[in-house]
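**Student:** sequence? don't have it. structure:
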DNA sequence: ATGGCTATATGTTATAGA
C-alpha cells in the first residue's frame, strides 16, 4: 500500500499538477493539505474518474485537508478531537481497508509564526492535543499512519540553512520538543528511520530562488505506530515534482507498507 | 533583500503562508 502526503497549496490552482503526479506515482492513498476550498467546491469527479474515493474536510480560503484512496475508506473523522471550539480544518482520519486495515490521519499542523504570540500558542496547544490523540490511537494496536505537513523542522540536518530558522516557529525548541514528545509515545519518523544523511527537503519557498539554490527544509513527515513501522518497505520524497509546471511549494512524500 | 512569490476571497488590496 503506497501512502503519500502532499501539501498542494490550493486544489483549484493545483488540480492539473496533482493529476499528473497521481498518474505518474500511482499512490493508493494521498493525504492532501491546504486544499484552500470548502467541501462543496472540491473537484471530486476529477479524482473519482481515476478510481479514487474522496473524503474532504475543507474551509473557506485557507487550510483544508482531504484523503484520496483507491481502497475503501471507513470511519471518517473530521477535525482533531479535543477542542470543539477549533474551527480550523487541519485534521482528517479514516481507516483504509487493504490486506490489513490501517488507521490514517492526514494533518496540517499550524505554522505558528510569528513566535512568540497567539499563533504560536495555538500551534503548541494543537500539538498537545495531537499528542493526546496519537496516544489513544496507539492503544488500538492497529497500524496507524500520521502523515502530513507538520510545519516542524525536526533537526538542523533537515534545513539547508538552519541558522536562519533559529527563531522561527518551525524550528524553535518548544516546537521541536512537542514533535519529539509525539514521536516518543512510540512512533517512528519514517523518512529519518531510513535515511540518516542531511540534505533531504520537502519544501522550497517560492521566494528568493529557494528551489534553484536548494534552500529547502524537511517539514512533511510520516509517523508510524509500531504495527505500521513493521510493515514499512520504502519511503521517498518526490523531489522532482518541485521542478514541474506551476508547482506547489511542497513536494509529495510517500511510504510503502506491506498492508 | 528588513518577505523578494503564490493563492484565495476579504477582490484592484488584505491576509496567510513558512
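**Tutor:** Received the coordinates, thanks. Quick caveat, the model's predicted, so the values are computed rather than measured. Numbers count the residues shown, from 1 in each chain, chains lettered A, B, ... in the order given.
**Student:** I figured residue A:88 was touching residue A:63, is that so?
**Tutor:** Yes: under the criterion of Cβ atoms under 8 Å, residue A:88 lies in contact with residue A:63, with a separation of 5.4 Å. The C-beta positions use only the backbone N, C-alpha and C, and glycine is treated the same way.
**Student:** So between these two, which is more surrounded?
**Tutor:** More neighbours sit around residue A:63 than around the other of residue A:88 and residue A:63, counting by other Cβ atoms under 10 Å; the figures are 20 against 16.
**Student:** ok, now which ones touch the more buried one?
**Tutor:** Contact analysis of residue A:63 by Cβ atoms under 8 Å, 6 or more residues apart in numbering lists A:34, A:36, A:88, A:89, A:90, A:108.
**Student:** And the closest residue to residue A:93 other than its chain neighbours, its phi and psi?
**Tutor:** With Cβ to Cβ, 6 or more residues apart in numbering as the measure, residue A:77 is the residue that lies nearest to residue A:93, at 4.2 Å, once sequence neighbours are left out. According to degrees, to the nearest 10, the main-chain angles of residue A:77 amount to phi -120, psi 130.
**Student:** how near is residue A:77 to residue A:220?
**Tutor:** Distance, residue A:77 to residue A:220, using Cβ to Cβ, to the nearest Å: 21 Å.
**Student:** between those two, which one's more packed in?
**Tutor:** Neighbours per residue (other Cβ under 10 Å) separate residue A:77 from residue A:220, with residue A:220 holding more: 26 against 16.
**Student:** which residues does the more buried one contact?
**Tutor:** When contacts are taken as Cβ under 8 Å, 6+ apart, residue A:220 is in contact with A:5, A:6, A:7, A:148, A:149, A:150, A:202, A:203, A:250, A:251, A:253.
**Student:** tell me the two of the residues you listed that are most distant?
**Tutor:** The largest distance within the contacts of residue A:220, taken as Cβ to Cβ, falls between A:150 and A:251 and amounts to 14.6 Å.
**Student:** more crowded one of those two?
**Tutor:** Applying other Cβ under 10 Å to residue A:150 and residue A:251 shows that residue A:150 carries more neighbours, namely 27 against 23.
**Student:** burial count for residue A:87?
**Tutor:** Using other Cβ under 10 Å, residue A:87 is surrounded by 9 other residues.
**Student:** looking at this, it is in a helix?
**Tutor:** No: under DSSP: H, G, I helix; E, B strand; the rest coil, residue A:87 falls outside any helix and is assigned coil.
**Student:** isn't it right next to residue A:62, touching?
**Tutor:** No: applying Cβ under 8 Å as the test, residue A:87 and residue A:62 come out as separate, 10.9 Å apart.
**Student:** Show me what residue of chain A gets nearest to DNA strand B.
**Tutor:** Across chain A, no residue is closer to DNA strand B than residue A:10, which sits at 2.7 Å (Cβ to the nearest atom of the strand).
**Student:** residue contacts, that residue?
**Tutor:** Contacts were defined as Cβ under 8 Å, 6+ apart; by that measure residue A:10 touches A:34, A:35, A:36, A:37.
**Student:** ditto for residue A:93
**Tutor:** So residue A:93 contacts A:75, A:76, A:77, A:103, A:104, A:105, A:106 (Cβ under 8 Å, 6+ apart).
**Student:** where's it, which helix or strand?
**Tutor:** Taking DSSP states H and E as the criterion, residue A:93 maps to strand A:91-97.
**Student:** That strand near DNA strand B at all?
**Tutor:** No: no part of strand A:91-97 sits near DNA strand B under the criterion Cβ under 7 Å from any atom of the strand; the closest distance found is 14.3 Å.
**Student:** in that strand, what counts as buried?
**Tutor:** Using 16 or more other Cβ atoms under 10 Å as the burial criterion, the residues of strand A:91-97 that qualify are A:91, A:92, A:93, A:94, A:95, A:96.
**Student:** same check, this time on stretch A:56-68
**Tutor:** For stretch A:56-68, the buried set under the neighbour-count rule, 16+ other Cβ under 10 Å, comprises A:56, A:57, A:58, A:59, A:63, A:64, A:65, A:66, A:67, A:68.
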